[in-house]
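Enquirer: sequence and predicted model, in that order:
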Amino acid sequence: MTAQPVESLAGVDLLAEINRLRKERNAVILAHYYQKPEIQDLADFVGDSLELSKKAAATDADVIVFSGVRFMAETAKILSPNKIVVLPDMDAGCSLEDSCPPDKFAAFRAQHPDHIALTYINCSTEVKALSDIIVTSSSAEKILAQIPKDQKIIFGPDRHLGGYLARKTGRDMLLWPGVCIVHEAFSETELLKLKAQHPSAPVAAHPECPAYILDHADYVGSTSGILEFSKTMPGDTLIVATEPHIIHQMQKAMPEKNFIGAPGADGNCNCNICPYMALNTLEKIYLCLRDLTPRIEMDEELRVQAKKSLDRMLEMAAGTVGQGDLGAR
């Protein structure tokens, strides 16, 4: 993973130019919760990945700027094939996507022909096309409940999310061994120290965390779900076990409350900042609006095949996807 070089933009009023180009291009800017605060604050929509793609598809925008990671921008293109979709930095990937190469996933499926593939949205378009049903962290449980108990299931690429669902539902699933490097970095020892310092503070954790973190959580849910929990939780302090940039939205909505990022092994949150999300900058957003590159392109047959698994999820999980996402400014 290497950051793309950026030309000198000394003297450019980035916010003014981004706003000018946004209107000129008839563009909508999407920012995932894990983006830097300055990017969240200029976006038209802030939220979880799939819900952002759905919101962009519902607009009359000609251009979608997805400030997130590559699989998210690809999902936006799957749902909006006639719109131009640009990603500020094409190197903004995902460790879960990287852990599940399409050729290896296809071979794994071939070894287990009696299994269906229930696949987390954090994967490539090619893996989506090889899957039966895509899930999000907010929709997976509802979808699992609709699958016959005797149906064998492959769950990938996140083994921690799959393990959490298996424990919660009692379903025996064959797990692909992928992990999110951000959520894998949380330290149980440091979390317990933090809980001792704030004994009345609940812990909210994303299900991509390992079981030894989830075991200490008072709430487990998607980024949108965690945000909603922060609004209704008892007390005024919350320990947050997910990528810490979501705390920006919590602080904006509830400045009177105290939000503490769960620590990594070194006792602070620096190791839990997603290095892929961090590749996006205001400079790169300006450049991708100006030049309409890097652009997401995909084969139409592949797009249609991938969309089938997404459509299946949307049919089975109506009303659960993206709960708690923020609307337009």
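Expert: Arrived safely. Everything numeric in this text was worked out from a predicted model, so none of it was measured. Residues are numbered from 1 along each chain as shown.
Enquirer: strands of the stretch 201-329 of the chain, start to end?
Expert: Assigned strands in the stretch 201-329 of the chain, in chain order: 203-205, 219-220, 237-241, 258-261 (criterion: DSSP state E, counting those that start in this stretch).
Enquirer: what's the longest one in contact with?
Expert: Where contact means C-beta atoms under 8 Å, 6 or more residues apart in numbering, the residues beyond strand 237-241 that reach it are 183, 186, 191, 194-195, 198, 200-206, 209, 213, 217, 226, 229-230, 246-247, 250, 257-262. C-beta: built from backbone N, CA, C; applies to glycine.
Enquirer: buried stuff in that strand?
Expert: Neighbour counts over strand 237-241 (16 or more other C-beta atoms under 10 Å) mark 238-241 as buried.
Enquirer: just the residues you listed now: which is nearest residue 120?
Expert: residue 241 (18.0 Å; C-beta to C-beta).
Enquirer: low pLDDT regions in the chain?
Expert: 1-7, 265-271, 319-329 (pLDDT under 70).
Enquirer: where exactly do the helices run in the stretch 151-300 of the chain?
Expert: Taking DSSP state H, counting those that start in this stretch, the helices of the stretch 151-300 of the chain run over residues 159-169, 188-197, 211-214, 223-232, 247-253, 282-291, 300-316.
Enquirer: of the contacts of strand 237-241, grab the buried ones for PyMOL.
Expert: Selection of buried members from the contacts of strand 237-241 for PyMOL, criterion 16+ other C-beta under 10 Å:
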select buried, resi 183+186+191+194+195+201+202+203+204+205+206+209+213+217+226+229+230+246+247+250+259+260+261+262
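Enquirer: and residue 74, what does it touch?
Expert: Residue 74 neighbours (C-beta under 8 Å, 6+ apart): 124-125, 296, 298.
Enquirer: mind putting the residues you listed into CSV with neighbour count and distance to residue 273?
Expert: As requested, those are exported to CSV (neighbours: other C-beta atoms under 10 Å; distance: C-beta to C-beta, whole Å):
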residue, neighbour count, distance to residue 273
124, 22, 23
125, 23, 26
296, 22, 24
298, 16, 29
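Enquirer: now for these: which two are most distant?
Expert: Maximum distance among the contacts of residue 74 (C-beta to C-beta): 11.9 Å, for 124 and 296.
Enquirer: buried set for stretch 176-192?
Expert: Going by 16+ other C-beta under 10 Å, stretch 176-192 has these buried residues: 176, 178-188, 190-191.
Enquirer: in JSON lines, list the helices of the stretch 151-300 of the chain along with distance to residue 138.
Expert: Shown next, in JSON lines, are the helices of the stretch 151-300 of the chain (distance: least, C-beta to C-beta, whole Å):
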{"stretch": "helix 159-169", "distance to residue 138": "11"}
{"stretch": "helix 188-197", "distance to residue 138": "23"}
{"stretch": "helix 211-214", "distance to residue 138": "16"}
{"stretch": "helix 223-232", "distance to residue 138": "6"}
{"stretch": "helix 247-253", "distance to residue 138": "16"}
{"stretch": "helix 282-291", "distance to residue 138": "27"}
{"stretch": "helix 300-316", "distance to residue 138": "11"}
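Enquirer: circling back: nearest to residue 166, of the buried residues of strand 237-241?
Expert: Checking the buried residues of strand 237-241 one by one against residue 166 (C-beta to C-beta), the nearest turns out to be residue 241, at 19.8 Å.
Enquirer: what's opposite that closest one in the beta bridge?
Expert: Beta-bridge pairing for residue 241 (DSSP bridges): residue 205.
Enquirer: look up how far residue 216 lies from the residue nearest to residue 226 when sequence neighbours are not counted.
Expert: Spatial nearest neighbour of residue 226, chain neighbours left out: residue 204 (4.6 Å); criterion: C-beta to C-beta, 6 or more residues apart in numbering. Applying C-beta to C-beta, to the nearest Å, the value for residue 204 to residue 216 is 11 Å.
Enquirer: JSON lines for the buried residues of stretch 176-192, including distance to residue 164?
Expert: As requested, the buried residues of stretch 176-192 are exported to JSON lines (distance: C-beta to C-beta, whole Å):
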{"residue": "176", "distance to residue 164": "14"}
{"residue": "178", "distance to residue 164": "14"}
{"residue": "179", "distance to residue 164": "12"}
{"residue": "180", "distance to residue 164": "13"}
{"residue": "181", "distance to residue 164": "18"}
{"residue": "182", "distance to residue 164": "16"}
{"residue": "183", "distance to residue 164": "11"}
{"residue": "184", "distance to residue 164": "14"}
{"residue": "185", "distance to residue 164": "17"}
{"residue": "186", "distance to residue 164": "14"}
{"residue": "187", "distance to residue 164": "18"}
{"residue": "188", "distance to residue 164": "15"}
{"residue": "190", "distance to residue 164": "21"}
{"residue": "191", "distance to residue 164": "16"}
